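In: 3D model of this:
(one chain, ligands or ions: 1)
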Amino acid sequence: MAGGPGSYVFGAEEKKELMDVIESGNLFRYGTIGVDGFLGKVASFEAEMAERLGHKYVVATSSGTGSLLCCLAALGIGAGDEVIVPGYTFIASMSSIILANAIPVLAEIDESLTIDPARIEELITDRTKAIMPVHMLGNPCDMDPIMEIAKKHNLYVIEDCCQAVGAAYKGKRLGTIGDIAAYSLNTFKTITTGDGGFVGTSDQNLYERAFGYHDQGHKPHRMGVEVGNRSIVGMNLRMNELSGAVALAQGRKLDGILEKLRNNKSILKNKLSDLSKFSFRTINDENECATLLTLIFDTKEYADKFCEAINSVPISHSGWHVYNNMEQILNKITATEANCPYDCPKYVVKSEYHKHMLPQTDSILDRAVNISIGVVDKGLGSGVGVNINSSLDDINDTATKIREIIESL
Ligand SMILES: *Cc1c(COP(=O)(O)O)cnc(C)c1O
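Out: The predicted structure follows:
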């Protein structure tokens, strides 16, 4: 089965929460607790997740993409604005920016497979509004230099935590370092409701705007005070009680899942650590999600031969997550027009995307191979490896197989 670790550990807990909702008859997220049997699973999920991650506020949504849209809307990012985003990420990071009418500006990654802080400043213009670091494959971005650059240039930071819920950087859970953060609960992520997501922030104004965007401009929880106070035009990106029930049970399993994955990963990693011909990718904090083990080979030839032997592909060929494979944007121009609020001329912002425009990213991804620890996903190049339910014997066998192949290269 393909999927993330959360999808491998569905059990009595998810079933109970879900059946409670079905029996209550209330599938819509709004109601008064106790009235007509309403249980408020979505609201409980929001409160528990906020507490767990250290956010003041969480808004549950219908997807990670929807959560990114809420973040951009909360910050007022739109026409004429540029957002710096890495070229190695899921398309949703770029598409949410384009759908917000803004311009994604693609940045290089480093050997952590997350945005290279040393290659951000060269991309900043007077139209740059935000940086969107993506905590790719469960690994925290190097947030200290990113926050420093953001502060220096007065930019917002939107953390894309869709692949890294629960991970931490220097003692802080991801998503609590920047201004606002988006998370996904899709089936391939660390915990899941099939599809779903949430936004986290500790800024009340951003919270109210994100909430409003996710629900037609309403004030949080439609408490009855919102009529006449709806300040923004919003969407419907609401989570329903069925998803909320599963999210609640999965959220309670999050830290246990992470502990198990970190343990399994260190077993596999230790068994390979004396080998040459590759290095492990840089991990910016050991409290990562440990959903994947990434090997970066010394040469492309080694990576290709290794992949042939394990029946996989290097990350550069893994499909959806590499800008080179995003035909939605390649050879196209995104352009937005903005009116200056004062008496200056209207300007047009454009950006064009080409294959191989990020040579540093290409060189790393040509040599990089993902082994699954907990996210089994061909689209991520991690169709091979172990899963969260693998036994110690399975992990040892996998390590032995990988060792033999690397030694024979
Ligand atoms: C999955 C993902 C998203 C989008 O999440 P959905 O729930 O699929 O909409 C955004 N960014 C990254 C990095 C992702 O991996």
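In: So what's the gap between stretch 12-32 and the chain middle?
Out: 27 Å (Cα atoms, centre = their mean, to the nearest Å).
In: What lies in contact with that stretch?
Out: 36-43, 60, 221-222, 238-242, 244-246, 248-250, 252-253 (Cβ atoms under 8 Å, 6 or more residues apart in numbering). Where C-beta positions appear, they are placed from N, C-alpha and C, glycine not excepted.
In: Break down the stretch 51-200 of the chain into its strands, ranges please.
Out: Along the stretch 51-200 of the chain, counting by DSSP state E, counting those that start in this stretch, strands occupy 57-61, 82-86, 103-107, 128-131, 156-160, 168-169, 172-173, 180-184, 197-201.
In: What of the stretch 251-400 of the chain?
Out: 278-280, 292-297, 333-338, 347-352, 368-372.
In: now the angle between strand 82-86 and the third one, please.
Out: Using axes from the mean of the first three to the mean of the last three Cα atoms, to 10 degrees, the direction of strand 333-338 lies 150 degrees away from that of strand 82-86.
In: I'd like the numbering to begin with 53 instead of 1 from here.
Out: From this message on, residue numbering opens at 53, which makes the last subject strand 385-390.
In: partners of strand 385-390, with directions?
Out: Strands that pair with strand 385-390, judged by DSSP bridges, come out as strand 399-404 (antiparallel).
In: could you give the mean pLDDT of the strand it pairs with?
Out: Average pLDDT, strand 399-404: 79.
In: ok, and what's touching it?
Out: For strand 399-404, the external contacting residues (Cβ under 8 Å, 6+ apart) are 132-134, 155-157, 179, 383-390, 392.
In: Of those residues, which is the nearest to the ligand?
Out: Nearest to the ligand among these: Pro156, at 12.3 Å, using Cβ to the nearest ligand atom.
In: if I pick the residue of the stretch 353-461 of the chain found nearest the ligand, what's in contact with it?
Out: Nearest residue of the stretch 353-461 of the chain to the ligand: His373, at 7.2 Å (Cβ to the nearest ligand atom). His373 sits next to 140-143, 188, 367, 431-432 when contact means Cβ under 8 Å, 6+ apart.
In: What pLDDT is listed against the residue positioned nearest the centre of the chain?
Out: Residue closest to the mean C-alpha point of the chain, counted by Cα atoms, centre = their mean, is Cys214 at 1.9 Å. With respect to pLDDT, Cys214 has a value of 98.
In: where does Lys271 land on pLDDT?
Out: Each residue has a pLDDT score; the one for Lys271 is 86.
In: re earlier: the strands of the stretch 103-252 of the chain: which one's closest to the ligand?
Out: strand 232-236 (3.4 Å).
In: which parts of stretch 111-129 are buried?
Out: 111-127, 129 (16 or more other Cβ atoms under 10 Å).
In: Report the entries of the residues you listed that also contact the ligand.
Out: 115-117 (Cβ under 6 Å from any ligand atom).
In: Phi, psi for the residue of the stretch 353-461 of the chain closest to the ligand please.
Out: Per-residue torsions, His373: phi -100, psi 10 (degrees, to the nearest 10).
In: go on, Lys453?
Out: phi -60, psi -50.
In: Tell me, how many residues neighbour the residue nearest to it when sequence neighbours are not counted?
Out: Leaving aside its sequence neighbours, Lys453 sits nearest to Ile362 (Cβ to Cβ, 6 or more residues apart in numbering; 7.7 Å). By the criterion of other Cβ atoms under 10 Å, Ile362 has 16 neighbours.
In: who's in contact with Ile362?
Out: Residues near Ile362 by Cβ under 8 Å, 6+ apart: 421, 436, 453-454, 457.
In: and what of Arg455?
Out: Neighbours of Arg455 in contact, by Cβ under 8 Å, 6+ apart: 323-324, 327.
In: what do you get if the cut-off is 10 Å, keeping everything else the same?
Out: 323-324, 326-327 (Cβ atoms under 10 Å, 6 or more residues apart in numbering).
In: Serialize those to a markdown table and add fields for neighbour count, distance to the ligand and pLDDT.
Out: Output for those, formatted as a markdown table (neighbours: other Cβ atoms under 10 Å; distance: Cβ to the nearest ligand atom, whole Å; pLDDT from 0 to 100):
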| residue | neighbour count | distance to the ligand | pLDDT |
| --- | --- | --- | --- |
| Lys323 | 16 | 28 | 96 |
| Leu324 | 16 | 26 | 97 |
| Asp326 | 7 | 32 | 97 |
| Leu327 | 14 | 29 | 97 |
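In: just to revisit the earlier point, among the strands of the stretch 303-452 of the chain, which comes closest to Ala170?
Out: strand 344-349 (17.6 Å; Cβ to Cβ).
In: In terms of secondary structure, what does the closest one contact?
Out: Judged by 3 or more Cβ pairs under 10 Å, 6 or more residues apart in numbering; DSSP states H and E, strand 344-349 is in contact with helix 293-322, strand 330-332, helix 352-362, helix 411-419, strand 420-424, helix 444-460.
In: average model confidence for the second one?
Out: What it means is strand 330-332. Averaged over strand 330-332, pLDDT sits at 98.
In: For it, which residues meet the burial criterion?
Out: So for strand 330-332, counting by 16+ other Cβ under 10 Å, buried means Phe330.
In: What is that strand packed up against?
Out: Right, strand 330-332 is packed against strand 344-349, helix 352-362 by 3+ Cβ pairs under 10 Å, 6+ apart.
In: since we're on the nearest residue in space to Ala54 that is not next to it in sequence, how many residues are nearby?
Out: Spatially, and ignoring its direct neighbours in sequence, Ala54 is nearest to Val428 (5.0 Å; Cβ to Cβ, 6+ apart). Close neighbours of Val428, defined as other Cβ under 10 Å, add up to 24.
In: what pLDDT does the residue lying closest to Gly92 once chain neighbours are set aside get?
Out: Distances taken as Cβ to Cβ, 6+ apart put Ile85 closest to Gly92, at 4.9 Å, once the chain neighbours are dropped. We have a pLDDT of 88 for Ile85.
In: who's in contact with Ile85?
Out: 91-92, 95-96 are the contacts of Ile85 under Cβ under 10 Å, 6+ apart.
In: Over to Ile416?
Out: Counting by Cβ under 10 Å, 6+ apart, Ile416 touches 140, 160-165, 168, 333, 346, 348, 367-368, 410.
In: just the residues you listed that are near the ligand?
Out: Okay, of the contacts of Ile416, nothing touches the ligand (Cβ under 6 Å from any ligand atom).
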